[in-house]
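A.B. asks: Here is a sequence together with a model predicted from it:
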Amino acid sequence: MTGPDPEFWQQRFDTRQTGWDRGGPSPQLLAWLDSGSLQPCRIAVPGCGSGWEVAELARRGFDVLGIDYTRAAVERTRAQCAAQGVAAQLIQADVLAYQPDTPFDAVYEQTCLCAIHPEYWARYASQLARWIVPQGGLWMLLMQAPRPAASETGLIEGPPYHCDINAVRALFPEANWHWPKPPYVRVPHPAMVHELALPLRRR
C-alpha cells in the first residue's frame with residue numbers, strides 16, 4: 001500500500017506523536033453545532049483519532065459511528081466516550097473498504113482525507129458518496145499543508161497531505177455535490193498549519 005499503513009499510525013499513537021490532536025473537539029465543529037447548522041442525525045466520523053469529536057457529537061444527541069483502522073485510535077475513542085458518559089458505535093476498519101448496512105445522514109471529515117495518500121483519494125471520495133443519503137451532509141475540514149517540493153518537483157509529501165481546494169473540487173464535483181460559495185472559514189491549528197471549513201450537500 002502506498003503511504004502510511006495501520007502500523008505507522010499505531011506507532012504514532014504509541015510514541016505520542018499526535019500533533020493533529022488539539023486536546024479537545026475542533027472549534028469549527030462546535031461552531032457548526034452551536035449555530036444549529038449541524039443537527040442531531042446519524043453521522044459517521046472516519047479516522048476518528050482520539051475521539052474528541054465522536055464524544056462531543058454523542059453528547060449532543062447524535063447517533064455516531066467512529067471509524068479508524070488503528071487499534072489505538074479505537075481504544076482512545078472508547079475511553080473518551082466512557083470518560084464523558086456517552087455512547088457511540090466504534091469499529092476498527094479501513095475506510096476504503098468499509099460499507100455501512102444503512103447510509104448515513106452526514107459524515108464529519110476532519111483528518112481522514114489528509115492522512116490518506118492522494119493515490120487513494122478518488123476511492124475515498126467514492127466511498128463517502130456511497131455512505132451518505134441524497135441531500136445528506138459532508139462536513140469537511142481540509143488541511144492546508146502546502147509543500148515547496150510539490151510545486152517544484154512534483155514530490156508528494158505527508159502525512160498530512162495538502163488538501164488543495166482544486167483537487168477537492170475534482171473529487172467532489174458540483175454535479176454531485178452542492179458547494180457553498182467561497183471564501184471558506186479558515187480554522188487555525190495550534191500544531192499544524194490551518195484548515196478550510198466547508199459543508200457539502202450530496203445531490
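C.D. replies: Happy to help now that I have it.
A.B. asks: buried ones in the longest helix anywhere in the chain?
C.D. replies: Determined from DSSP state H, the single longest helix within the chain is helix 71-84. Across helix 71-84, burial judged by 16 or more other C-beta atoms under 10 Å covers 72, 73, 74, 75, 76, 77, 78, 80, 81, 84. The way it works is simple: take the backbone N, C-alpha and C, and place the C-beta from them, glycine included.
A.B. asks: Also stretch 179-197?
C.D. replies: Neighbour-count burial for stretch 179-197, counted by 16+ other C-beta under 10 Å, picks out 184, 187, 189, 192, 195, 196, 197.
A.B. asks: Neighbours of residue 68, how many?
C.D. replies: 30 (other C-beta atoms under 10 Å).
A.B. asks: picking that back up, name the helices or strands packed onto the longest helix of the chain?
C.D. replies: Where contact means 3 or more C-beta pairs under 8 Å, 6 or more residues apart in numbering; DSSP states H and E, helix 71-84 is packed against helix 6-14, helix 52-59, strand 63-68, strand 89-92.
A.B. asks: which residues sit against the second one?
C.D. replies: With C-beta atoms under 8 Å, 6 or more residues apart in numbering as the contact definition, helix 52-59 has outside contacts at 21-26, 29-30, 33, 43, 45, 48, 64, 66, 77, 80-81, 83-84, 86-88, 90, 108, 110.
A.B. asks: chain center to it, what's the gap?
C.D. replies: Centroid displacement of helix 52-59 relative to its chain, using C-alpha atoms, centre = their mean, to the nearest Å, is 14 Å.
A.B. asks: Would you mind writing the CA trace of it as PDB?
C.D. replies: Listed next in PDB are the C-alpha coordinates belonging to helix 52-59 (Å, rounded to 0.1, in the frame of the first residue of the first chain):
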ATOM      1  CA  TRP A  52     -13.000  14.200  20.800                       C
ATOM      2  CA  GLU A  53     -15.500  14.800  18.100                       C
ATOM      3  CA  VAL A  54     -17.200  11.400  18.400                       C
ATOM      4  CA  ALA A  55     -17.800  12.100  22.100                       C
ATOM      5  CA  GLU A  56     -19.000  15.700  21.500                       C
ATOM      6  CA  LEU A  57     -21.400  14.600  18.800                       C
ATOM      7  CA  ALA A  58     -22.700  11.800  21.100                       C
ATOM      8  CA  ARG A  59     -23.100  14.200  23.900                       C
END
